[in-house]
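1. Quick check, what structure comes out for this input:
(chains A and B)
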Amino acid sequence: MKVKDTATNFFEFLGFAGEELEEGGFVIELPFQPYLLQDDGTIHTGVFSTMLDIVLGASISKRFNSFATTINLNLSFLDVEPKTHYRGELTFMHKDGKYVTGEGVILDERNNLIAKGIGTFKIR
Amino acid sequence: MAETTQEINSMIEKSAFLKHMGFELERHDEEELILKLMIRKQLHNTAQSLHGGVHAAMLDTVQALLIRSAYKAKVRAVNVNVHYIAPSSEGDVFARAAIIQRGYMTATAEAEILDQNHTLIAKGTGVYKIIRDE
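-> Now for the predicted structure:
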């Protein structure tokens, strides 16, 4: 499955960009956008949840050439102060039949860990 | 009630992300807080149903608003866990939360999202740090 096939309306709505890696992986990029902020000047953690859902789901879709339905997501947020750029990538994947579990991280422009998540997806 | 419905609406109005997503306060009283979201095409995934990131953001938001309202203090999400139960592709969805643990430093809430036919589509929990003014 190509990256363009995993790019959704919602993907564009929040300003994400995807990049297919030569070795077969998938990385999601997000430059800072003013609409990612909440009233106290921090980034809404829903942005990081979305970013991890996309990077895990898209990486699994691409690897197994199948739509990946999210079953569960568990997310930890480490830093919500605004940064200029975010990058999300999958760090671990395990397949058991039609269920695939992936772990991923979001890093800022200085490679500081911003959020971490683990998710289980069902493939067709 | 810690914060008025007007104060919560003002909080939503001042949050660029909540406005961008389209979350609206449906109901707020002593017992509960309910958010409403009209599903639009911009919120769809490639299967033309509500994107998983929207469920996570909505559960996170309703939990955070309820705890913020109860403590009259800013809050920060530490951890959010989301279970996806069923897809939803059109109409309105509603999220409601309840506080299940009230500590001095942290609070825990649970929340669910129902569609307009009262079908459960997602359920979550979240742990929030209470940011007290010095």
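2. Going by C-alpha atoms from here, please, whenever you check contacts or count neighbours.
-> Fine.
3. Would you report the backbone torsion angles of residue 68?
-> If you meant another chain, say so; for now it's chain A. phi -110, psi 120 (degrees, to the nearest 10).
4. if you could check chain B rather than the one you did, that'd help
-> According to degrees, to the nearest 10, residue B:68 has phi -60, psi -40.
5. I'd say it and residue B:75 touch.
-> Yes - counting by Cα atoms under 8 Å, residue B:68 touches residue B:75, with 6.0 Å between them.
6. elements contacting the biggest helix by length in chain A?
-> Ranked by number of residues, the top helix in chain A under DSSP state H is helix A:45-64. Other helices and strands packing on helix A:45-64, by 3 or more Cα pairs under 8 Å, 6 or more residues apart in numbering or on different chains; DSSP states H and E, are helix A:3-6, strand A:26-31, strand A:68-77, strand A:85-96, strand A:99-108, strand A:113-123, helix B:52-71.
7. now the angle from it to strand A:113-123?
-> Calculated by axes from the mean of the first three to the mean of the last three Cα atoms, to 10 degrees, helix A:45-64 forms an angle of 50 degrees with strand A:113-123.
8. now helix A:45-64 against helix B:52-71, angle please.
-> 160 degrees.
9. Show me the beta-bridge partners of residue 75.
-> Chain wasn't specified; assuming chain A. Partner residues in beta bridges with residue A:75, using DSSP bridges, are residue A:117, residue B:80.
10. looking at chain B here, not the other one
-> Under the criterion used (DSSP bridges), residue B:75 bridges to residue B:130.
11. and it, what does it touch?
-> Residue B:75 is in contact with B:64, B:67-68, B:128-131, counting by Cα atoms under 8 Å, 6 or more residues apart in numbering or on different chains.
12. Would you check how far apart it and residue B:97 are?
-> 15 Å (Cα to Cα, to the nearest Å).
13. so which of the helices and strands packed on helix A:45-64 is the most packed in?
-> helix B:52-71 (a mean of 25; mean count of other Cα atoms under 10 Å in any protein chain shown).
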